[in-house]
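J.: Sequence first, then the predicted structure:
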Amino acid sequence: MSSINTDSGYNIKKTIILIILSIYVLIILTPMLLVLISSLKSNSEFFSSPLSFPKKLQFKNYLTAWQTGLSQYFINSIIVTSISVFLTVFIAASASYGLTRFDFKGKNIIFYLILAGLLLSPQVALLPLFKLLNNLNIYNTYWALIFPYIGFNLPFLVFLMRAYFMSFPKEIEESAYLDGCNTFTVFFKIVLPISKPIIATSIIVSSRLIWNEFLFGLVFIDDKGLMTIPVGLTNFQSALQTDYSSLMAGIVIAAIPMVIIFLLLQRHFVRGLTAGGVKG
């Protein structure tokens, strides 16, 4: 009798959790669905019936958005995000591996100094960074965005990867050393291939932050030909005047790369995030 009551209580809790999660998913998906529907309406339908489905699907809005300037913003974001994510993940992986595998004086101090970067607000660093980029003659270039993105994303990725490498079995590396491999060979050919979960997690986290970043893109870039999507869309609205349907289409296009990245790497994401958050 007690087992029946236990099963009944478990099913009730499971149902309640399922209902709560369903409501949460609905809250998250509703704005996305409204943007998608609005991108397929005519401009008059956008204002007259904002919550209804379009009478005729206006796929030309996507072509209009792409030809009005979104294509250049999209390419700029791809370039900046790709280079920034690659360098950030590579530097974070190298630093984390070194901090967990080599004993040297002051390594804990170095780790804490890196973590101190998590306390630095981008808004506070805006003016010093602006002067620094000017002095380095890289203001209004891709590198004016890439270097700050690396700097501000590096502390969290080092924290995440260090915890993962601390749980990494050293026996595998020791076997490789016995076979004559050096440190670089072990790191590039053994450790990195096995560390796909944490690398995938780092790519997803850093890509989302960099792709959607607005402040640095607004301040450090003046040339419209170098603007990334978040900043470009603000000019996009004035360029299209009152064509909000095409603007919604631009927002949908801007979201596609992040959706694709997550779908490709999602099977590694939870495992990598859990391993990086529990150990260490």
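T.: Arrived safely, thanks for sending.
J.: From now on I want contacts and neighbour counts done on CA atoms only, so please keep to that.
T.: Will do.
J.: Which strand or helix spans the nearest residue to Lys55 once chain neighbours are set aside?
T.: Once flanking residues are discounted, Lys55 sits nearest to Lys41: 7.7 Å by C-alpha to C-alpha, 6 or more residues apart in numbering. Using DSSP states H and E, Lys41 is not contained in any helix or strand.
J.: ok, now the one 4 residues further on?
T.: Following DSSP H and E, the helix or strand that holds Glu45 is helix 43-48.
J.: And for Val124?
T.: Mapping Val124 onto the secondary structure by DSSP H and E places it in no helix or strand at all.
J.: Local confidence estimate at it?
T.: Note for Val124: predicted pLDDT of 88.
J.: related to what we said a few turns ago, and the next element down the chain from the helix holding Glu45?
T.: On the C-terminal side of helix 43-48, the closest following helix or strand by DSSP H and E is helix 60-65.
J.: Could you point out the helix or strand that follows that following helix?
T.: Using DSSP H and E, the next helix or strand after helix 60-65 towards the C-terminus is helix 71-101.
J.: Buried residues, the next helix or strand after that following helix. List them.
T.: Counting by DSSP H and E, the next helix or strand C-terminal to helix 71-101 is helix 107-115. For helix 107-115, a neighbour-count test (16 or more other C-alpha atoms under 10 Å) marks 111, 114-115 as buried.
J.: export the residues you listed to TSV and tack on pLDDT and distance to Ile19?
T.: Output for the buried residues of helix 107-115, formatted as TSV (pLDDT from 0 to 100; distance: C-alpha to C-alpha, whole Å):
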residue	pLDDT	distance to Ile19
Phe111	91	42
Ile114	90	41
Leu115	89	38
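J.: which of those residues lies closest to Tyr142?
T.: Minimum distance to Tyr142 across those is 24.3 Å, recorded for Ile114 (C-alpha to C-alpha).
J.: In contact with the closest residue in space to the closest one that isn't next to it in sequence: list those residues for me.
T.: Spatially, and ignoring its direct neighbours in sequence, Ile114 is nearest to Pro155 (5.4 Å; C-alpha to C-alpha, 6+ apart). The contact partners of Pro155, taken as C-alpha atoms under 8 Å, 6 or more residues apart in numbering, are 92, 114-118.
J.: how about 6 Å then?
T.: Contact partners of Pro155, counting by C-alpha atoms under 6 Å, 6 or more residues apart in numbering, are 114-115, 117.
J.: Give me the phi and psi for it.
T.: Note on Pro155: backbone dihedrals following degrees, to the nearest 10 are phi -60, psi -50.
J.: CA atoms only for the helix holding Glu45 - export them in CSV, please.
T.: Provided in CSV are the C-alpha atoms of helix 43-48 (Å, rounded to 0.1, in the frame of the first residue of the first chain):
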residue,chain,number,x,y,z
ASN,A,43,3.9,45.9,-43.5
SER,A,44,0.2,46.8,-43.3
GLU,A,45,-0.6,43.5,-41.6
PHE,A,46,2.2,44.0,-39.1
PHE,A,47,0.3,47.1,-37.8
SER,A,48,-3.3,46.1,-38.4
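J.: Outside of that helix itself, list whatever touches it.
T.: 243, 245.
J.: Only the buried residues of it, if you could.
T.: Quick answer for helix 43-48 (16+ other C-alpha under 10 Å): 43, 45-46.
J.: Ile75: which of the residues you listed is nearest?
T.: Asn43 (26.6 Å).
J.: Can you tell me how far the closest one is from Ala254?
T.: Separation of Asn43 from Ala254 (C-alpha to C-alpha, to the nearest Å) stands at 20 Å.
J.: And Lys55, by the same measure?
T.: In terms of C-alpha to C-alpha, Lys55 sits 25 Å off from Ala254.
J.: Which of those two has more residues huddled nearby?
T.: Legend: neighbour count by other C-alpha atoms under 10 Å for Lys55 and Ala254, higher for Ala254 (20 against 10).
J.: what about Lys60, how many residues close to it?
T.: Lys60: 15 surrounding residues under other C-alpha under 10 Å.
J.: Next up, the contacts around it.
T.: Contact partners of Lys60, counting by C-alpha under 6 Å, 6+ apart, are absent.
J.: pLDDT wise, what is it at?
T.: pLDDT recorded at Lys60 is 89.
J.: cool, and Glu213?
T.: According to the prediction, Glu213 has pLDDT 93.
J.: and it, what element?
T.: Taking DSSP H and E as the definition, one finds Glu213 inside no helix or strand.
J.: Can you read off the pLDDT for the residue nearest to it when sequence neighbours are not counted?
T.: Nearest residue to Glu213, sequence neighbours excluded (C-alpha to C-alpha, 6+ apart): Pro230, at 6.8 Å. pLDDT recorded at Pro230 is 91.
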